[in-house]
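>>> Output the structure for:
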Amino acid sequence: MNNLNTNDLLKQGAIWGFIILELVFFTVAGKYLSLSQNAFMDLDNMLLLFKQSAPIGIIALGMTVIMINGNIDLSVGAMFALCAVVLLDSMTWPFLAGLGDWVIPVSWGLALLTGVLLGAINGLIVWKTGVDAFIVTLGAMLGYRGLVFMFNGEQPTSHLNWTLVDFAEAQFLGLHTATWFLLGVAVVLWLVMTRTVHGRNAYAIGDNREAAVNAGIRVGPHMMINFMIIGFLAGLSAVVFYSESGSVNPNDGSLYELWAITAVVLGGTKLTGGSGSIISTLGGVLAIQLLRKGLGHIGADTETVNLVIGSILIAVLFLDRQLNRKGKGELRV
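Numbers count the residues shown, from 1 in each chain. You can find the predicted model right below:
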């Protein structure tokens, strides 16, 4: 058991060490390669980095719960876009016109409810059919994206509410509204996963589903709740992002599922389930955003950024496999 704990600590600590290396590298490289006069570790840059991390970060935190549970959700990007459409379009519905700014919480609620319902559909299908979540959510990704296009064709859905924009752009204690949402979600999910029966059951199911069933855990309803959680968080991510931008295109959220999964894996969560950390996923999100921002700071193009992040992900998966092999070998001895 001690070997497993050592491996987990190593994986969880590695992401923060990687972040420190990124900060040092891009600070030094920026002095020689960057065309910008701003220092990479400028306070405003770091605060903006947290804000920019929020949309994918909120989804990645929910993806951590799903992956610890031994599942995966490929439909989060499409859910994000569909919830955004509901958020912005509902503000223009005639029967809500008399609410004034009170339409804002109503539209938020409708967007969040949409995410919960979409997540519930995914979870119910996985539960009742026994089909692998990868296949179910792949189909859902195509279906939900189709609904986005059906709603408004290829035209953007737009509505800018200045009260909402002021709220989204506000700062408290130096942190943007989006950053507070990200940190709040991280704290709540950390408490759920480390201090509740639901969290303990998520690890147990991901580690050994058959043993969890034998232990009396209601695996189907448990998994469905987790899919509803990530649906809610996809809706919350849309609320956080589009409260400020006010316009959603049909392709928005594309590849969000891959970025979220990458952040989760970089944070040390096993693809096979049973192991992972909310706090380490937060580190994974920040590491990716630092990498994207840092490479842009020294003049790298988008293709280079994707190549570097893809290469790092492959390396992390390889190291994770070696660590797990080593742990199993030591346990057999």
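>>> Okay, and the spatially most central residue of the chain sits in which element?
For the chain, Ala60 is the residue whose C-alpha lies nearest the centre (C-alpha atoms, centre = their mean; 1.8 Å). In this assignment (DSSP states H and E), Ala60 forms part of helix 43-68.
>>> The next helix or strand after that helix - contacts with which helices or strands?
Under the assignment DSSP H and E, the closest C-terminal helix or strand after helix 43-68 is helix 76-90. Other helices and strands packing on helix 76-90, by 3 or more C-beta pairs under 8 Å, 6 or more residues apart in numbering; DSSP states H and E, are helix 43-68, helix 103-129, helix 133-152, strand 157-158, helix 219-245, strand 247-248, helix 256-266. Yep, even glycine has a C-beta here, placed from its N, CA and C like the rest.
>>> mind listing what Phe241 touches?
Applying C-beta atoms under 8 Å, 6 or more residues apart in numbering, we find Phe241 in contact with Ala54, Pro55, Ala84, Ala178.
>>> Nearest to Met223 among those residues?
Pro55 (24.9 Å; C-beta to C-beta).
>>> What's the local residue count around the closest one?
Number of residues near Pro55 (other C-beta atoms under 10 Å) recorded here: 26.
>>> How much space separates the residue lying closest to Asp101 once chain neighbours are set aside from Glu244?
Beyond its immediate neighbours in the sequence, the residue positioned closest to Asp101 (C-beta to C-beta, 6 or more residues apart in numbering) is Thr163, lying 4.9 Å away. According to C-beta to C-beta, to the nearest Å, Thr163 and Glu244 sit 12 Å apart.
>>> between the two, who's got more neighbours?
Glu244 (17 against 12).
>>> got the contact list for the residue nearest to that one when sequence neighbours are not counted?
Computed as C-beta to C-beta, 6+ apart, the closest residue to Glu244 that is not its neighbour in sequence is Ala168, at 3.6 Å. For Ala168, the contacting residues are Thr177, Ala178, Val240, Ser243, Glu244, by C-beta under 8 Å, 6+ apart.
>>> Is it correct that the second one is in contact with Gly57?
No - in terms of C-beta atoms under 8 Å, Ala178 does not count as a neighbour of Gly57; the distance is 9.1 Å.
>>> Which one's more surrounded, the two?
Taking other C-beta under 10 Å, Ala178 and Gly57 do not tie; Gly57 has more neighbours (30 against 23).
>>> got the contact list for the more buried one?
With contact taken as C-beta under 8 Å, 6+ apart, Gly57 is in contact with Leu182, Ala263, Leu282, Val285, Leu286.
>>> want to throw those residues into a markdown table with secondary structure?
Formatted as a markdown table, these follow (DSSP: H, G, I helix; E, B strand; the rest coil):
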| residue | secondary structure |
| --- | --- |
| Leu182 | helix |
| Ala263 | helix |
| Leu282 | helix |
| Val285 | helix |
| Leu286 | helix |
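>>> Mind picking the two most distant members of the residues you listed?
Taking C-beta to C-beta as the measure, these have their most distant pair in Leu182 and Ala263, spaced 12.0 Å apart.
>>> Where does Ile217 sit, in terms of helix or strand?
Assigned by DSSP H and E, Ile217 falls outside every helix and strand.
>>> roughly how far apart are it and Phe134?
The span separating Ile217 from Phe134 equals 22 Å under the rule C-beta to C-beta.
>>> between these two, which one's more packed in?
Set Ile217 next to Phe134 and count neighbours by other C-beta under 10 Å: Ile217 wins out with 18 against 13.
>>> Run a quick neighbour tally on the residue lying closest to the more buried one once chain neighbours are set aside.
Distances taken as C-beta to C-beta, 6+ apart put Asn201 closest to Ile217, at 5.1 Å, once the chain neighbours are dropped. Using other C-beta under 10 Å, Asn201 has 19 neighbouring residues.
>>> Okay, Asn201 and Trp190: tell me how far apart.
Going from Asn201 to Trp190 by C-beta to C-beta gives 16 Å.
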